[in-house]
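J.: Quick check, what structure comes out for this input:
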Amino acid sequence: AKAMLLNAAACPSAAAPASERAAAPAGEQAILAAADRIRKHLAERSLDPSEQVRQKVVNIAAEVAMASASGLALLAPVLPEVFGRILDKRPAVRDACAEQAAKMYETHALPEVAAGRFGAQA
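T.: Sure thing, here's the model as predicted:
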């Protein structure tokens, strides 16, 4: 699943809205469609009864989102649900979620804040 999401994030139209993806080549459309299904499955599995599954979902989502800006854009619709596991009943899941959220902040937000671009008005 992680490899498929990383491949989809590497597609040029990965961050484009679904309406604009129709112009993408057929192979790219197939990859993005599979990534959409995996993304939905990640959101569903974030509520799995198994602690290990919930923890793995958090780790996979964070790894893909940290890999690139397009990976972050690809998973943005499900990140609130996945990172809602910071309120999980199991400490291991909460800890993994907090750690991955901090790494994502360090990767994506902190450089923007340091450069003075975070929250800038256009």
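
J.: which phi and psi does S13 have?
T.: When read as degrees, to the nearest 10, the backbone of S13 gives phi -100, psi 20.

J.: Am I right that it is in contact with A33?
T.: No. At 11.8 Å, S13 does not count as touching A33 under the criterion of CB atoms under 8 Å. Where you see a C-beta, it was placed from the backbone N, CA and C, and this is true even at glycine.

J.: Looking at those two, which is more packed in?
T.: S13 (19 against 13; other CB atoms under 10 Å).

J.: Look up how far S70 lies from that one.
T.: S13 sits 9 Å away from S70, taking CB to CB, to the nearest Å as the criterion.

J.: packing partners for the longest helix along the chain?
T.: Secondary structure of the chain per DSSP state H: the longest helix is helix 26-45. The contact analysis (3 or more CB pairs under 8 Å, 6 or more residues apart in numbering; DSSP states H and E) places helix 26-45 against helix 2-9, helix 18-21, helix 51-67, helix 69-75, helix 79-82.

J.: Pull the CA coordinates from the first one and hand them back as CSV.
T.: When you say that, I think you mean helix 2-9. What follows is helix 2-9, C-alpha atoms only, in CSV (Å, rounded to 0.1, in the frame of the first residue of the first chain):
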residue,chain,number,x,y,z
LYS,A,2,2.8,2.4,0.9
ALA,A,3,4.6,1.8,-2.4
MET,A,4,1.5,2.4,-4.4
LEU,A,5,0.8,5.6,-2.6
LEU,A,6,4.3,6.8,-3.1
ASN,A,7,4.1,6.0,-6.8
ALA,A,8,0.8,7.9,-7.1
ALA,A,9,2.3,10.9,-5.3
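
J.: Could you check that helix and say which residues are buried?
T.: Of all the residues in helix 2-9, those buried under the rule 16 or more other CB atoms under 10 Å are 5-6, 8-9.

J.: Next, name the residue at the spatial heart of the chain.
T.: With distances taken as CA atoms, centre = their mean, L75 lies nearest the centre of the chain, 3.2 Å away.

J.: For it, which non-adjacent residue is spatially closest?
T.: Distances taken as CB to CB, 6 or more residues apart in numbering place A65 nearest to L75, at 5.0 Å, with adjacent residues excluded.
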